[in-house]
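*Asks:* Prediction below, plus the sequence it came from.
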Amino acid sequence: MRGSGAITRNTDTCGFINRINAALGKGLVNATMTDVDLPLQQHPQFGACLRAGGSQVMQTADGLCLLRRIGGLRLALTSRGSMKMLQAPLPYGSIHLFNAEMPVPTLLRSAGFVPLVTPATIAEWDISGPKTHLRRSLKQKWRNQLNAAEAHGLKISVTRMPPDANHWLLKAEQRQSRQRRYRTLPHWVTLAYAICHPRDAVLIEARHRGEPVAGMIFLRHGPRATYHIAFATPEARQLNAHRALLWHTAQHFQSEGVTRLDLGTFSTDTNPGLARFKLGTGAKARQLGGTWLALPGLSQALVQFRRHVPSGQNA
């Protein structure tokens, strides 16, 4: 997801921040919306950041679509969308990539979509209860490792994420993603969120002997907050710093009225350690609906075909 505001060199940073501030000044960015309960990728605050960064976004009452042109093709991307977003008035002739929030394959097929990617699984942590209940809900081994981390004397801070492209956590996470060959949202999205919604871009850092050894960024959106970026040095992993960070994150957001943390996707097959880390908090696993494709013209033909074929013979 790269808008025209994507930062590719340090020299771009000032110009990018000026563009975001100009968008704020013109009223193009929504105010913080604490009552809108949607996934981050569908939330008006996220859409406002994408628009401010130069992306074309179609916002409806039910969510948002990211619109792009690739050559002569129109592409609409809906990420974590509800079924209501299937009725979104997309530009004529758009190819629609739809990542469904819920597993509803029958509804998607009946709307002319074909499956592309199997559903991912996310971890959702309910933090609405009292703090004592929250700690008791931790799995025993996770709680023991948290106790060990607290005994190491780590200094944990929870602050606003500064709009600094050279922040140590962004630099460290960038190196890590290259080494491990995974892709994340570009850092201009982080900076845009920090500028547009400064109270809702939250930085949690762990320091040991005065030096930062681990960090996380969470983005708040209404009554939820979503894991965004994390990094830990080998020393921090030995100290169980990430457990201390996540525990402080939960306490902070609980005090701010947040009821749910989205800890992101996991796979027990490809990364069982990460799965244990997320689910050890007491978070619940929930399957999303997978990624689906609808092509203009063909989708309507599929709908008509399926209406005239008995359900047991549908493709």
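*Replies:* Nice, thanks for sending it over.

*Asks:* buried residues in the top strand by length along the chain?
*Replies:* Using DSSP state E, we find that the single longest strand of the chain is strand 211-221. Within strand 211-221, the residues that count as buried by 16 or more other CB atoms under 10 Å are 212-221. Placement of C-beta: from N, CA and C, glycine included.

*Asks:* who does that strand touch, helix- and strand-wise?
*Replies:* In this structure, strand 211-221 makes packing contacts with helix 44-52, helix 168-180, strand 201-208, strand 224-232, helix 234-238, helix 241-255, judged by 3 or more CB pairs under 8 Å, 6 or more residues apart in numbering; DSSP states H and E.

*Asks:* okay, the ones you listed, which one's buried deepest?
*Replies:* Of all those, helix 44-52 has the most neighbours on average by mean count of other CB atoms under 10 Å, namely a mean of 25.

*Asks:* What's the mean pLDDT across that helix?
*Replies:* Throughout helix 44-52, pLDDT has a mean value of 92.

*Asks:* which other helices and strands contact it?
*Replies:* Counting by 3+ CB pairs under 8 Å, 6+ apart, helix 44-52 packs on helix 13-25, strand 56-60, strand 63-70, helix 187-196, strand 211-221.

*Asks:* Now with 6 Å, please.
*Replies:* strand 56-60, helix 187-196 (3 or more CB pairs under 6 Å, 6 or more residues apart in numbering; DSSP states H and E).

*Asks:* Can you tell me which of these is most buried?
*Replies:* helix 187-196 (a mean of 25).

*Asks:* average model confidence for that one?
*Replies:* Helix 187-196 comes out at a mean pLDDT of 94.

*Asks:* Then residue 106 would be within a helix, right?
*Replies:* Yes: assignment of residue 106 by DSSP: H, G, I helix; E, B strand; the rest coil places it within a helix.

*Asks:* still on that earlier bit, any chance of the helices and strands packed on strand 211-221 in TSV, plus distance to residue 112?
*Replies:* Formatted as TSV, the helices and strands packed on strand 211-221 follow (distance: least, CB to CB, whole Å):
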stretch	distance to residue 112
helix 44-52	25
helix 168-180	35
strand 201-208	38
strand 224-232	30
helix 234-238	47
helix 241-255	39
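
*Asks:* Low-confidence stretches in the stretch 201-315 of the chain?
*Replies:* 297-315 (pLDDT under 70).

*Asks:* Spatially nearest residue to residue 177 (excluding sequence neighbours)?
*Replies:* residue 184 (5.8 Å; CB to CB, 6 or more residues apart in numbering).

*Asks:* Give me the domain ranges for the protein.
*Replies:* The chain breaks down by automatic domain parsing into domains covering 10-119+289-313, 122-287.
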